[in-house]
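Need a 3D model of the following:
(chains A and B)
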Amino acid sequence: MKLLKSQFTRTLTLIGLLMLSGCYISSRTTTFSELEQTSNQKYPIRALTVDSTLYTFDTFAFTDSTLSGKGSRKKNGSMQKFEGTLKFSNIVLIERIHSNYWKAFWIIPMTVAIIGGISQMSQPSEFNIRRPIGGSCPFIYSFNGTDFILEAEAFSTAVSRSMETQTFHVLPSLATVKNKLTIRIKNERPETHMINSVHLYTADSRNGSSVVLDTENNLWTVKNALPPVKASDHSGRDVLKLLSKKDGLYWKSDLNNMSGQSKYRDTLNVEFTIPGGKHNATLIVDAINTDLMTLGYRFASTILGDESLKFYRALDEDTELKKLVQEGIQKSSLLVEIWNGKNWEKVGTIPPAADVVPFTRAVRLNNPDHLISPLKVRLSSMTDVWHINTLSIDFNQDRPLTLYPLELTSVKASNHGTNLKENISKSDSSYVMLLPPEYMDMTFAATTTYDIQNPVYVLTVRGYLYEWIPDAKDITAPVFPGWLNDMDRVELLKYLVRHEDILFPQVYAKWIRVNQK
Amino acid sequence: MRTILYASILLFSIGAFSPVFAFSGEVGHYRKNKRVTTSEDTTKITSKYLPLRYNSGQIARPKFETIHLVLGLSGMHGNYSDLKRLGVKANELFVPLSIYVHVPFFRKDPSFFFTGGWDIGLAGRIYSFKGLFLYQTKYRLLFGFGAGTTWYSYRSDEIIIDANQSYGLLSVGINLSPHRVDLRVTVPMSSPLHVNFEDKYYKIKPEGIELSLLVSLLL
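All right, here's what the predicted structure looks like:
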């Protein structure tokens, strides 16, 4: 670094000196007065004669018809000293030579810029697409007969072995090809993914209605979802238009109003009109999560430093630490409450599920006493974990759909030559490990003995992941009171998770900086 | 490999033809092997002008001093229809500021010159370096070839796209004012770059057809 700095200084000095000395330029001289001025200023001149000889006069004098002086003469590449007189009638061009600072001002940087540009041409071509931070979870792709379509993200909150979890996903793009269904699970993140088991189920959506999974992983048909009639957020903004239509426009947290009274919580208050005679309803949320959770993990890594592995070990063994992390996940989950006439009553919690693929989750409302119009619903979560596309309510009174298992026929991983079917067909101690950019393709038999007219598919994936320690260049050291620096890193992290007043301002300050970029 | 070839050709050509290296300090002739002929009746002495002989032989000097700075404004059409799925506009019109250096090999028309420099997108997102050898006919039409390299960058909440590519260039244009204003169209000759992202195939050509209005500052 020091060497670079000194070389840079030297280069700058050199450029500065060159600029000060200026660049030599020539100006055509056509009048006696210009020639006289040049003589007074003691600039050299050049004269080109009809026989293609170039004379350079260091000193000169002139009459009405002649030019005399001392200098050099150049013809056909050979140069000689010269002292003598030339007739103007034999000269076709006279130029005075002088230095020009302005030319030096641009010619040196432009020369550097052109040499730099030419050298850049030898660089290999590149084309990269990536997500801003990179979240956390394996990607699930469905084969639709032509392409693999990204559909969902699995076990995104299972950040250690002790937090292994099973997640359910509807796969709308999955199609039967030669009586087979193919699904790909791929690791495209700086993480280690451990897949324990994968199962595929089918169900009959009856009239071809769309389907949605609720927080209990029951599959419901959606017949006529209605938008809210009122919607506002904790900043007092009317957000009804944003939440009424599935148009890719998301409600996002007001980051200017996240501390103070809101205490780093987002709140949405919505109202739905309830038709008479309805005793059950499905509240449907279309959303996507932000990378804030990933940023949180990275922030934790900056605190842990080279003790990250110790932290993951502690997460498996230290029940207090595990509880703290689970509480953190709970706070970042979307809490759904309804107004029962006296107070807010919790009806469900949707955990963060995906920060790349938009997803749909539902909360089933089964309490007929509370389904009185207008139905007041409150959704809340940690600030800016959720971006919500639409909220709607469906009054389908049917029972949830029955899920039928499909047979797993083969599993091929990009990093493994053999069939890994046995490793993921049941939840046991046998895992398939995926490192980026590895993937595994699973094939299921599409034919079943069940009578299904309009098949829909639900995939379950059980596993966990380990976030990798970020590169040093991606780390900005957090600033905490000095006395905390002597603490054991894992204990320090536990302390900070318990003291949100210290932790949150720093995490959100970093989050705002990332968003501004 | 192709980019190295472009760069090598460009470097060699500049080295071979640049007056800085090839003619430094030496007199060159526009028609080097021809004897200069003059007309005696043009040597009339006046009180103001030097009684120089008329340069009927069109002696021209390829000289270091004739390099000048060129500024301009361009319009570049970018076709990014394959990235539309990621939220990128399918068709974009960029307005880069052009800063070039003009190195003439001859002062007179028809002339042959090198021009090279940078196009910097005013709204960011794209910038490129281009080097061209251009021939100007006596009717002031411009033809030429060269090479360039372009950097494209797209940032949003959801996606970051970076691409850079070197390519060959063809150029045609017209000199609107002698040694002063050029209008030029450059056409990149490149095949698209490909990448597989989230199991989908994407392609891009960072550079598009560019129309430039360039003004020589003659400094």
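
Name every strand pairing with the strand of greatest length in chain B and say which way it goes.
Of all the segments of type strand in chain B, defined by DSSP state E, the longest one is strand B:160-177. The partner list of strand B:160-177 in its sheet, established with DSSP bridges, is strand A:126-130 (antiparallel), strand B:141-155 (antiparallel), strand B:181-189 (antiparallel).

Pick the most buried one from these.
Comparing the strands paired with strand B:160-177 by mean neighbour count (mean count of other Cβ atoms under 10 Å in any protein chain shown), strand B:141-155 ranks first with a mean of 20. Backbone N, C-alpha and C define where each C-beta goes, glycine included.

Pull it out as PDB, backbone CA atoms only.
These are the backbone C-alpha positions of strand B:141-155, laid out as PDB (Å, rounded to 0.1, in the frame of the first residue of the first chain):
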ATOM      1  CA  LEU B 141     -17.200  11.400 -46.000                       C
ATOM      2  CA  LEU B 142     -15.700   9.300 -43.200                       C
ATOM      3  CA  PHE B 143     -15.000   5.600 -43.200                       C
ATOM      4  CA  GLY B 144     -13.100   3.600 -40.700                       C
ATOM      5  CA  PHE B 145     -12.600   0.700 -38.400                       C
ATOM      6  CA  GLY B 146     -11.300   0.200 -34.900                       C
ATOM      7  CA  ALA B 147     -12.000  -1.500 -31.600                       C
ATOM      8  CA  GLY B 148     -13.700  -0.600 -28.400                       C
ATOM      9  CA  THR B 149     -14.500  -1.900 -25.000                       C
ATOM     10  CA  THR B 150     -17.700  -1.200 -23.100                       C
ATOM     11  CA  TRP B 151     -18.700  -1.500 -19.400                       C
ATOM     12  CA  TYR B 152     -22.400  -1.800 -18.600                       C
ATOM     13  CA  SER B 153     -23.800  -1.700 -15.100                       C
ATOM     14  CA  TYR B 154     -27.300  -2.000 -13.700                       C
ATOM     15  CA  ARG B 155     -28.200  -1.800 -10.000                       C
END
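
For residue A:127, give the beta-bridge partners.
residue B:163.

picking that back up, which stretch among the strands paired with strand B:160-177 comes nearest residue A:67?
With Cβ to Cβ as the criterion, residue A:67 lies closest to strand B:181-189 of these, at 36.4 Å.

can you list the weak-confidence ranges in the chain?
No chain specified, so I'll use chain A. Filtered on pLDDT under 70, chain A yields the residue ranges A:1-25, A:100-101, A:131-136, A:208, A:259-262, A:368, A:370, A:448, A:469-485, A:516-517.

meant chain B actually
Low-confidence segments of chain B, defined by pLDDT under 70: B:1-47, B:55-66, B:106-110, B:124, B:157-158, B:199, B:218-219.

what about the residue of it found nearest chain A, neighbour count?
The shortest separation between chain B and chain A is 3.1 Å, found at residue B:129 (distances taken as Cβ to the nearest Cβ). Counted with other Cβ atoms under 10 Å in any protein chain shown, residues neighbouring residue B:129 total 22.

And the one 5 residues further on, by the same measure?
Residues within reach of residue B:134, counting by other Cβ under 10 Å, total 22.

now it, nearest residue through space, not along the chain?
Counting by Cβ to Cβ, 6 or more residues apart in numbering or on different chains, residue B:134 lies nearest to residue B:144, which is 3.5 Å off, once chain neighbours are set aside.

ok, back up a step: if you count neighbours, what's buried in the longest strand of chain B?
Within strand B:160-177, the residues scored as buried using 16 or more other Cβ atoms under 10 Å in any protein chain shown are B:160-161, B:163-169, B:171, B:173, B:175.

Next, give phi and psi for the closest residue to chain B within the stretch 301-450 of chain A.
Minimum separation of the stretch 301-450 of chain A from chain B (Cβ to the nearest Cβ) falls at residue A:356, amounting to 7.5 Å. Taking degrees, to the nearest 10, you get phi -120, psi -40 for the backbone angles of residue A:356.
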